[in-house]
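> Just to be clear, the model below is a prediction. Sequence and coordinates:
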Amino acid sequence: KNQVEQSPQSLIILEGKNCTLQCNYTVSPFSNLRWYKQDTGRGPVSLTIMTFSENTKSNGRYTATLDADTKQSSLHITASQLSDSASYICVVEGGDKYIFGTGTRLKVLA
Amino acid sequence: EAGVTQSPTHLIKTRGQQVTLRCSPISGHTSVYWYQQALGLGLQFLLWYDEGEERNRGNFPPRFSGRQFPNYSSELNVNALELEDSALYLCASSLELYRGRNQPQHFGDGTRLSIL
């Protein structure tokens, strides 16, 4: 069964700290893995897209990694800011399907 | 560049009614996707249109339908509304399918549908 699982479900960190979000998937065939940021009440915004051959991709303070062998990805946020408070969604595209994880809700406190 | 726009932003309906949601993609994008995001759940894929044709459909009953117009805008229709249809309905657009995969999807801010 095609699945995308994210952990933790929620996370609270202090401003300035780093954090890492996890995504494990069992989607086949595999085309790419995407990370999105969704602010409350808004649509998701694309952070990174990685194909099978890419194992790291950065977008500012966001760095995504992909291990296609173990089918795991992580999103590392460096020097967190209050504006990073949002849900982070991992999405795997396989065939003509997009399989979404349920997201990690991140809260950054001052 | 204008982003993906959806209308209306909020809607309240009662069980059994019908609703039409609208989406205008980013200029130059020919693919439009519809998703349902129920409270506390992840996004669920509903429909994908490209160049006016339905390319794929998620696991939703036939009362969920849609279409894409020649200008690439799209409508999502839901008939015989049920309480569990209450959700945020998100539309996304991307460049045409045959430019290759790995194109980012750009999302609108959704229509929040409440069923009473």
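Structure received.

> Ramachandran angles for the residue of chain B found nearest chain A?
Per Cβ to the nearest Cβ, B:F107 is where chain B lies closest to chain A, at 3.2 Å. (C-beta placed from N, C-alpha, C; glycine too.) The phi/psi pair for B:F107 (degrees, to the nearest 10) reads phi -100, psi 150.

> Specify the local secondary structure of the residue lying closest to it once chain neighbours are set aside.
Leaving aside its sequence neighbours, B:F107 sits nearest to A:G43 (Cβ to Cβ, 6 or more residues apart in numbering or on different chains; 3.2 Å). In terms of secondary structure, A:G43 is coil; the call rests on DSSP: H, G, I helix; E, B strand; the rest coil.

> hang on, A:G43 packs against B:Q105?
No. Contact between A:G43 and B:Q105 fails when scored by Cβ atoms under 8 Å: they sit 9.6 Å apart.

> near chain B, which residues of chain A?
Counting by Cβ under 8 Å from any Cβ of the partner chain, chain A comes close to chain B at A:31-32, A:34, A:36, A:41-46, A:49, A:51, A:89, A:91, A:93, A:96-98, A:100-103.

> Now, of these, which are buried?
A:31-32, A:34, A:36, A:43-46, A:49, A:89, A:91, A:93, A:98, A:100-103 (16 or more other Cβ atoms under 10 Å in any protein chain shown).

> coming back round to it: next, show the common contact partners of A:G43 and B:Q105.
Listed contacts common to A:G43 and B:Q105 are B:A92; contacts here mean Cβ atoms under 8 Å, 6 or more residues apart in numbering or on different chains.

> partners of the top strand by length along chain A in the sheet?
In terms of residue count, the longest strand belonging to chain A (DSSP state E) is strand A:86-94. Using DSSP bridges, strand A:86-94 pairs in its sheet with strand A:32-38 (antiparallel), strand A:97-100 (antiparallel), strand A:104-109 (antiparallel).

> Show residues contacting the helix-or-strand element of chain A with minimal mean pLDDT.
None of the helices or strands of chain A scores lower by mean pLDDT, DSSP states H and E than strand A:97-100, at a mean of 85. Outside strand A:97-100, the residues that touch it by Cβ under 8 Å, 6+ apart are A:2-4, A:25, A:27, A:89-93, B:33, B:35, B:42-45, B:56.

> Right, I'll call it a day here.
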